[in-house]
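>>> Sharing a sequence plus its predicted fold:
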Amino acid sequence: MQTHLSFQLQGVALDTGPLLQLCRSIGVHDGIYFRSLADRSRRVVELPAWMNAAVEPLALVVTPGTDIAAGMDFVTGIVIPNPLRQQQQWRQSKEWATARLQQLESAEYLVCDLGEHHRHDNNTYTYQLTKIEVATTSSGAVFVPGARGDYEQDMSEDRARQNDQEPAAAEPRFFRSSTGRGA
């Protein structure tokens, strides 16, 4: 069993003895790390516009409806091929070094969060990978790729194909994420 402990202090602890004693008493003997709250532990990497090409998902992450929308399933995420993998243009860009996403490049697929959820239906939607949220700790990093869909345009095009007419304004069929992370 591995134990992780985090302290958030108003300032810098001048005497860390009591904190170290507490750590030892619960079984944390090594890997103790002190980080200032001024250091950001979470950042958002906005991907360059040239990487925001439309992508077809390999799979959808579907979540069952809630008490408010019983019986409705919602698409809350997508699985896509990793566009960072072996992307020569990405590695040569100025954003590559500052983004610090090298750990993510070896993944074959990305499971992306959709900031705006939509009903799971028979329509085909277009998605774009737009950002990657990164949360870091002393022992690792968590990457949350974020995608968005062009639902209104897709629905308008679907209607036009069905009715063989010009695309019209579409009714909204998407919902903001309850996590507060927008696309």
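Structure's in. What do you need?
>>> Would you map out the domains in this structure?
With domains defined by automatic domain parsing, the chain comprises 1-37, 42-176.
>>> Just name the most buried of these.
Most buried of these by mean neighbour count (mean count of other C-beta atoms under 10 Å) is domain 42-176; its value is a mean of 15. Placement of C-beta: from N, CA and C, glycine included.
>>> could the domains of the chain go into CSV alongside mean pLDDT?
Listed next are the domains of the chain as CSV, based on pLDDT from 0 to 100:
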stretch, mean pLDDT
domain 1-37, 73
domain 42-176, 78
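>>> Name the next helix or strand downstream of the host helix or strand of residue 116, please.
Secondary structure assignment for residue 116, by DSSP states H and E: strand 109-119. Toward the C-terminal end, the helix or strand that comes next after strand 109-119 (DSSP H and E) is strand 127-137.
>>> could you point out which element follows that following strand?
strand 140-149.
>>> Would you agree residue 7 falls within a strand?
No. Counting by DSSP: H, G, I helix; E, B strand; the rest coil, residue 7 falls outside a strand, being coil.
>>> Can you name the residues that contact it?
Residue 7 sits next to 13, 19 when contact means C-beta atoms under 8 Å, 6 or more residues apart in numbering.
>>> So what touches stretch 65-79?
With C-beta under 8 Å, 6+ apart, stretch 65-79 has contacts from 57-64, 109-114, 117-120, 125, 127, 147, 175, 177.
>>> And stretch 41-49, by the same measure?
35, 93, 95, 99-101, 129-137.
>>> picking up where we left off before, what's the strand holding residue 116 packed up against?
strand 73-81, strand 127-137, strand 140-149, strand 174-176 (3 or more C-beta pairs under 8 Å, 6 or more residues apart in numbering; DSSP states H and E).
>>> Pull up the gap between the closest residue in space to residue 61 that isn't next to it in sequence and residue 25, please.
Distances taken as C-beta to C-beta, 6 or more residues apart in numbering place residue 77 nearest to residue 61, at 3.2 Å, with adjacent residues excluded. Applying C-beta to C-beta, to the nearest Å, the value for residue 77 to residue 25 is 40 Å.
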